[in-house]
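Peer 1: Please work out how this folds:
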Amino acid sequence: MLADGVGNNDPLACIFVNQQLSPDQVEFLRKRQFAHVATVNADGSPQVTAVWVDTDGEAVLMNTALGRVKARNLQRDPRISISIVDVDNPYRTLIISGRAELIEEGGVDHINFLSDKYHGNPTYPLPPGERRVIIRVAPERIRGSVS
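Peer 2: The predicted structure follows:
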């Protein structure tokens, strides 16, 4: 459902509210795409990071280490926006906003999966003592040209 009065005149910038990921969006996220993630710093300023991205079919999945700025920001304020531009067609985009959940269980397996997906290396080089977490974002708003 289109949000009232938003994006109604631009078919490439439709905003869908409280939508599930479509099959095309799931397929898009399962490809080797690069995302930029925006979180909110303690002073209210934006913090943006490039990340690897994937999906479980319902939510967007990313990975980080506990203690990094992105993780600290999300622990304090779970609001997040994710912008993905298709590596094969820069006019094809997907922008998802929602609230992040940090999940430590399976974090190392997930970063190894992403390392294989993006580098062909099934083992991510973890520094000693680093604790990896999955960032799981169930979409609250979806925008872009990937329908």
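Peer 1: helix or strand right after the host helix or strand of residue 50?
Peer 2: Per DSSP states H and E, residue 50 falls inside strand 46-52. Following strand 46-52 in sequence order, the next helix or strand is strand 54-55 (DSSP H and E).
Peer 1: Neighbouring strands - and their directions - for that next one?
Peer 2: Here strand 54-55 is paired, per DSSP bridges, with strand 60-65 (antiparallel).
Peer 1: which is the next helix or strand following the strand it pairs with?
Peer 2: helix 69-76.
Peer 1: How about that following helix, which residues are buried there?
Peer 2: Across helix 69-76, burial judged by 16 or more other Cβ atoms under 10 Å covers 70-74. Glycine gets a C-beta too; all of them are placed from N, C-alpha and C.
Peer 1: Which other helices and strands does it contact?
Peer 2: When contacts are defined as 3 or more Cβ pairs under 8 Å, 6 or more residues apart in numbering; DSSP states H and E, helix 69-76 packs onto strand 34-40, strand 46-52, strand 60-65, strand 93-103, strand 132-144.
Peer 1: For these, could you give me JSON lines that also reports distance to residue 109?
Peer 2: Output for the helices and strands packed on helix 69-76, formatted as JSON lines (distance: least, Cβ to Cβ, whole Å):
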{"stretch": "strand 34-40", "distance to residue 109": "20"}
{"stretch": "strand 46-52", "distance to residue 109": "14"}
{"stretch": "strand 60-65", "distance to residue 109": "10"}
{"stretch": "strand 93-103", "distance to residue 109": "11"}
{"stretch": "strand 132-144", "distance to residue 109": "9"}
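Peer 1: and those as JSON lines, adding mean pLDDT, mean neighbour count and distance to residue 20?
Peer 2: Listed next are the helices and strands packed on helix 69-76 as JSON lines, based on pLDDT from 0 to 100; neighbours: other Cβ atoms under 10 Å; distance: least, Cβ to Cβ, whole Å:
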{"stretch": "strand 34-40", "mean pLDDT": "98", "mean neighbour count": "19", "distance to residue 20": "19"}
{"stretch": "strand 46-52", "mean pLDDT": "97", "mean neighbour count": "14", "distance to residue 20": "22"}
{"stretch": "strand 60-65", "mean pLDDT": "98", "mean neighbour count": "22", "distance to residue 20": "12"}
{"stretch": "strand 93-103", "mean pLDDT": "97", "mean neighbour count": "19", "distance to residue 20": "11"}
{"stretch": "strand 132-144", "mean pLDDT": "96", "mean neighbour count": "21", "distance to residue 20": "7"}
